[in-house]
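> Let's see this in three dimensions:
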Amino acid sequence: AWDDVRPTVDLEGRLFSKTPGSFDDAAVLGADPASIRRVVIVGTQARDEARGLLRWTANNVTMTMPGEPMVASAYDAAAADGASSWPDVDVPGAVVVPDGPPAP
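Residues are numbered from 1 along each chain as shown. A predicted model of the protein is given here:
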């Protein structure tokens, strides 16, 4: 039924690790909260009346859905010969989100 939330609750329980300290990069959990870069993404949608399709934007950047998922493009870009180390990899089709809004 549409209102059966049990599968979602079960999935959420499986996604949480009971022993986060057992992972190699667990030290990041103790990072100073002020040093964490946060990015706010505002998504909107509007219907293209002429074609009857939905158009999506994130932070006022219109999205055109690529044929390949972005995670696959990022993986291929990071694995390419001569690629910069992550996260400085140039991922084709990606939008760089600035740390702050442009100054007037």
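> Next SSE downstream of the worst-scoring helix or strand of the chain on mean pLDDT?
When the helices and strands of the chain are scored by mean pLDDT, DSSP states H and E, strand 61-62 comes last with a mean of 63. In the C-terminal direction, the helix or strand that comes right after strand 61-62 (DSSP states H and E) is helix 70-79.
> Show me which positions of that following helix end up buried.
73-74, 77-78 (16 or more other C-beta atoms under 10 Å). Heads up, the C-betas are built off the backbone N, CA and C, glycines and all.
> what's in contact with that helix?
66, 83, 86, 89-94 (C-beta atoms under 8 Å, 6 or more residues apart in numbering).
> Give me the mean pLDDT for that helix.
Average pLDDT, helix 70-79: 88.
> starting at the chain centroid, how far to it?
For helix 70-79, the separation from the chain centroid amounts to 13 Å (computed by C-alpha atoms, centre = their mean, to the nearest Å).
> C-alpha coordinates for that helix, PDB please?
The C-alpha trace of helix 70-79 is given here as PDB (Å, rounded to 0.1, in the frame of the first residue of the first chain):
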ATOM      1  CA  MET A  70      27.100  12.000 -13.000                       C
ATOM      2  CA  VAL A  71      28.700   9.500 -10.600                       C
ATOM      3  CA  ALA A  72      29.900   7.500 -13.600                       C
ATOM      4  CA  SER A  73      31.300  10.600 -15.300                       C
ATOM      5  CA  ALA A  74      33.000  11.600 -12.000                       C
ATOM      6  CA  TYR A  75      34.500   8.200 -11.600                       C
ATOM      7  CA  ASP A  76      35.800   8.100 -15.200                       C
ATOM      8  CA  ALA A  77      37.300  11.600 -14.900                       C
ATOM      9  CA  ALA A  78      39.100  10.800 -11.600                       C
ATOM     10  CA  ALA A  79      40.500   7.500 -13.100                       C
END
